[in-house]
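> When you get a sec, could you give me coordinates for this:
(chains A and B)
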Amino acid sequence: MSATPRLMRRAGIALTALALASTAAACSAGGDAGSAGGSTLTIDTSFVIKSLDPGHVYEATGNTAVHAMYDTLLTFHGADMSKPQPDLATSYQASADAKTFTFHLRKDATFGNGDKLTADDVVFSLNRLRNLKASPSVTVANLTASKTDAYTVVVHAAKADPNVPVILTQPYTGIVNSKLVKAKGGTDGADAAKTDSAQKYLDATSAGSGPYLLDSFDASSQLVLKANPKYWGAKPKFSRVVLRNMDVQNQKLTMSRAKGPELALDLSGKMLEGLPSSLRQSSADDTFYFLTLNADPKISKTTSNPAFVQAVRAAIDYRGVARLFGGNASPAAGVVPPAFPGALPASEAQHQDLAKARKLLADAGLHAPSVKLMYPSITYRGVDLGTIATKVQGDAKKAGIRLTLDPQPLTSFLNAQQSGKVAMRFSPQSLNYPVAASLVNNLAPGQGTAATTGWTVARADQDVVAAGKKVQATLDPAAQQRALQDWQRLLNQHSPYIPMAYNSGVVVAAPTLSGAVYAPAGWQVDIAAVGTK
Amino acid sequence: MTATTTAAAGTRPAARRPRVPNLVRFLGKRVAITIGLLWGVTVVTFALVHVVPGDAATANLSEQALNDPAVVAAYRAKWGLDQPIWQQYLHYLGNLLHGDLGTSQQTGRPVLTDLVQYVPATLELAVPSMILALVVGTAVGMLAAVRHGRASDQVVRVGSLLGLSTPPFWLSLVVLYLFFYLLGVSPSGGRLSPQFAPPPSVTGMYTVDAALAGQWAAAWDAVQHLVLPVLVLTCLTVATLIRFVRSAMLEVLQQDYIRAAYAKGLPTRTVLGRHLLRAGLVPVITVSGLAFASLLSGTVLVENIFGWPGLGQYAFRSATGLDLPSILGVSLFVALVYTGVNLLVDLLYGLIDPRIRLS
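You can find the predicted model right below:
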């Protein structure tokens, strides 16, 4: 049985017409939106965002947008992390005991709706942030704000903290219009965690004094900013900014064809290879990747043995690991990344010594020790962490250590890490706020990460404990940086941490753009500083 | 009157009982099954989310915040996670009965509002993909069946096998590379170019809404953004359809009545169009229904690569954030889609094949 040729011809014609229609539609689809000119800046990034309320924001995309919409008392410009610069505060004084900080506000700052920005707004914003008990609240839990007059604010730290000015550069300390936010259910009362209901409003409308205002926000697709016509500072170059949620692979393709004002925030490591040389790249090593070995003998007799930790430390091929991270990476010298004052010089980078590793194991009576290495099975800044873990496994094997890889989904990894029951783990780590001393709060014995590693004050070398305390007690910045370096050298000898490599976020920008500088301060790029050449 | 009726009913109950039409009984049964199914979905989803390793606080708070018990406690209290699981479930069920699907931990909005926003975006991809897949799949499948064993049949079989074996993310990247990067004839992703603002929402589908608002440039831009993801989804769906259509048609072609039709001298067009197509469509409708439901609920990878803010992306974000209200909302929607599509398929059977209608 067969069909007639006429029917076959008709079917063929129909299919050809369909194919032609599809092709015509594709062909007429024009160039990419990103290449559109005008005063729209397009920023491609894989969205990590939940909220645009400064009291709740803590994720990368949110920080970038909130920094553009809300001014802070102080700020950093570009990649220079040496000293906070004036923003809403024209100047400040710190007391000798690093507990009282007095900020003098500029008098010409206004919010997007025209209201004047005063000390009341600053006090409300900082106290609300603390009392909301959301993710960023932890950093300011020690701080209380009050005013002495309409343009003077005093921030009091319950414990001495010379880093308060740095904390007050962070997007989550952005100043909101207190009158407006209170009208929308906001409160800075002690019960704000239960009673504040302004987040919904602030996710849809900005209430800041920054160079941009929120036009629209959809956490799945795009976030649109428009220039604030009442901005007190220099007008931003672009009247409209569109942050598009875009897969990393797609960002690479898009930037490869970018001609107009467009930049991408997630191309890093190996993803940078093959990009046109005309694109501008900006980076600063602000993240370190490290192994953590549990110091609690109840969790692992092997990893809690200091000789084993030192053997693993000697077994790692640091240069090889850094190469896997791509061109911007470098082997680690300590836990402070080079983007921040207090980092160890590159000449002190760790290096592989397999003979030393084998001797340490033999002297400790550890024959073919075996440990499970847990890590989050994610691609972070363009690098598959599984690749790094496999490299570590191979290096350890050369020293006679058997590591069994245990990749976990991110949430499971974080959960396991939090339980404190993981023998050995590998993960990236950034600073909580852009000052290296903040690492002491997290890594010193008994603190956040240390606590989940079984590294208590009792188990730690007392020299390390003392060095950490010295960092926190040193108020002079230069002296604190020296103390940080000493602390890191001791960590390299006596801690359960093995920093392996530094890596960076990268801003990849179209050739026509200027000012697209990667900001290690926490907001990736200062959108208002981006212009055209 | 009542007494008389009762007495009569006592003697001849069967004759007096009001007769419920078959279709109403059928629909009633299906609605009851659907309610039971939805309840089952809430139980299973609720249990699964609590069984998987991980915790909503861990997924949604910063690492630093997790070290502060006060912040963790505040988060748990805010989202009701500090209550026993059974209490959380009863609370959810109570709200559900009042049409409240809860509030998403990811977006901070009611889940229903989220669904109303994201479902139309996915529909905008799924509907044209399904229509194209049906047209192409039926035509090519029939062609392969009537040319059974010939070269064209072999080509179609290999082609559909390739389509079935192709991972969606790979095909998405390939078409992007080809049409956007190499040829430069297509946008790279998203629903609209950055210079366009979304049109006023009526249906939630940008192509339709922009046209309704008379924003023709935006409408055309939205159509251009549809092309590549629709192409990928069509390719993936059409591969399945071709195989089913071919196999169904081959079976019908062996039937005596087809031979009889040819023997009577009926033109091939009539034989294929009236006898072959109609009989062969029954199994195809089943597959099409499932394929459409799958398009509505399973386009996660394609949506991610094309930056398409639809239900797939929403489901993905909800799952990775262990956002229970959103996960439940999506699960209920998907269950509703599958039951709805199956019901529609059952009704269509009756329309196409009178034997099924009678039985």
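
> only C-alpha atoms for contact and neighbour calcs from this point on.
Fine.

> Up against chain B, what does the stretch 401-533 of chain A have?
Residues of the stretch 401-533 of chain A lying near chain B by Cα under 8 Å from any Cα of the partner chain: A:T411, A:S412, A:L414, A:N415, A:Q418, A:N432, A:G448.

> Would you quantify the distance from the fourth one to A:T303?
Spelled out, it's A:N415. According to Cα to Cα, to the nearest Å, A:N415 stands 20 Å off from A:T303.

> which of those two has more neighbours?
Legend: neighbour count by other Cα atoms under 10 Å in any protein chain shown for A:N415 and A:T303, higher for A:T303 (23 against 20).

> tell me the two of the residues of the stretch 401-533 of chain A next to chain B that are most distant?
Farthest pair in these (Cα to Cα) is A:S412 and A:N432. Separation: 21.6 Å.

> Span of stretch A:292-305 from start to end?
Start-to-end, stretch A:292-305 (Cα to Cα) is 13 Å.

> Please apply the same query to stretch A:297-306.
Using Cα to Cα, the end-to-end distance of stretch A:297-306 comes out at 11 Å.

> What are the buried residues along that stretch?
A:I299, A:S300, A:T302, A:T303, A:S304, A:N305, A:P306 (16 or more other Cα atoms under 10 Å in any protein chain shown).

> Max pairwise distance over those: which two?
Within these, A:I299 and A:P306 form the most distant pair, 14.3 Å apart (Cα to Cα).

> low pLDDT regions in the stretch 1-150 of chain A?
Scanning the stretch 1-150 of chain A for pLDDT under 70 picks out the ranges A:1-38.

> which residues of it fall in strands?
Counting by DSSP state E, counting those that start in this stretch, the stretch 1-150 of chain A has strands at residues A:40-45, A:74-75, A:85-86, A:89-94, A:100-105, A:143-149.

> Strand A:89-94 and the fifth one, what's the angle between them?
Spelled out, it's strand A:100-105. 160 degrees (axes from the mean of the first three to the mean of the last three Cα atoms, to 10 degrees).

> Strand A:100-105 - which strands sit beside it in the sheet, and in what orientation?
Note on strand A:100-105: by DSSP bridges, its sheet partners are strand A:89-94 (antiparallel), strand A:152-157 (antiparallel).

> so where is the stretch 201-350 of chain B shaky, pLDDT-wise?
For the stretch 201-350 of chain B, the stretches flagged by pLDDT under 70 are B:298.

> Chain A contacts on that one?
Looking at chain A, the residues of the stretch 201-350 of chain B close enough under Cα under 8 Å from any Cα are B:221, B:224-225, B:227-228, B:268-269, B:304-309, B:313-314, B:320-321.

> Next, work out how far apart A:T287 and A:Q472 are.
With Cα to Cα as the criterion, A:T287 and A:Q472 are 21 Å apart.

> of these two, who's got more company?
Neighbour comparison, A:T287 and A:Q472: the larger count goes to A:T287, with 23 against 19 (by other Cα under 10 Å).

> check which helix or strand covers that one.
strand A:280-293 (DSSP states H and E).

> what packs against that strand?
The contact analysis (3 or more Cα pairs under 8 Å, 6 or more residues apart in numbering or on different chains; DSSP states H and E) places strand A:280-293 against strand A:424-430, strand A:497-509, strand A:518-519.

> Quick one, which of the residues of the stretch 401-533 of chain A next to chain B are buried?
Looks like those have A:T411, A:S412, A:L414, A:N415, A:Q418, A:N432, A:G448 buried, using 16+ other Cα under 10 Å.

> Just the buried residues of stretch B:250-260, please?
In stretch B:250-260, counting by 16+ other Cα under 10 Å, buried: B:L250, B:V252, B:L253, B:I258.

> now swap in stretch B:145-160 and tell me
Within stretch B:145-160, the residues that count as buried by 16+ other Cα under 10 Å are B:A145, B:V146, B:R147, B:H148, B:D153, B:V156, B:R157, B:S160.

> send the alpha carbons of that stretch over as PDB?
Taking C-alpha atoms only, stretch B:145-160 is exported to PDB below (Å, rounded to 0.1, in the frame of the first residue of the first chain):
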ATOM      1  CA  ALA B 145       3.800   5.200   8.000                       C
ATOM      2  CA  VAL B 146       2.500   5.300   4.400                       C
ATOM      3  CA  ARG B 147       6.100   5.100   3.100                       C
ATOM      4  CA  HIS B 148       6.900   2.300   5.500                       C
ATOM      5  CA  GLY B 149      10.200   0.700   4.900                       C
ATOM      6  CA  ARG B 150      11.400   3.200   2.300                       C
ATOM      7  CA  ALA B 151      14.300   5.600   2.600                       C
ATOM      8  CA  SER B 152      12.100   8.500   3.800                       C
ATOM      9  CA  ASP B 153      10.700   6.300   6.600                       C
ATOM     10  CA  GLN B 154      14.200   5.400   7.700                       C
ATOM     11  CA  VAL B 155      15.200   9.100   7.700                       C
ATOM     12  CA  VAL B 156      12.200  10.000   9.800                       C
ATOM     13  CA  ARG B 157      12.900   7.100  12.300                       C
ATOM     14  CA  VAL B 158      16.500   8.100  12.800                       C
ATOM     15  CA  GLY B 159      15.600  11.800  13.000                       C
ATOM     16  CA  SER B 160      13.000  11.200  15.700                       C
END
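
> And it, how far out from the chain middle?
Stretch B:145-160 sits 29 Å away from the centroid of its parent chain (Cα atoms, centre = their mean, to the nearest Å).

> same thing with stretch A:234-249?
Centre-to-centre, stretch A:234-249 and its host chain are 19 Å apart (Cα atoms, centre = their mean).

> The stretch 201-350 of chain A against chain B: which residues are in contact?
Within the stretch 201-350 of chain A, the residues that sit near chain B (Cα under 8 Å from any Cα) are A:219-221, A:242, A:244-247, A:249-250, A:253-254, A:256-257.

> again, only this time at 6 Å
Contact residues (Cα under 6 Å from any Cα of the partner chain) of the stretch 201-350 of chain A with chain B: A:S220, A:S221, A:N245, A:M246, A:D247.

> hmm, back to that, narrow the residues of the stretch 201-350 of chain B next to chain A to those in helices?
Mapping those onto helices (DSSP state H) picks out B:D221, B:Q224, B:H225, B:V227, B:L228, B:T268, B:R269, B:N304, B:I305, B:Q313, B:Y314, B:T320.
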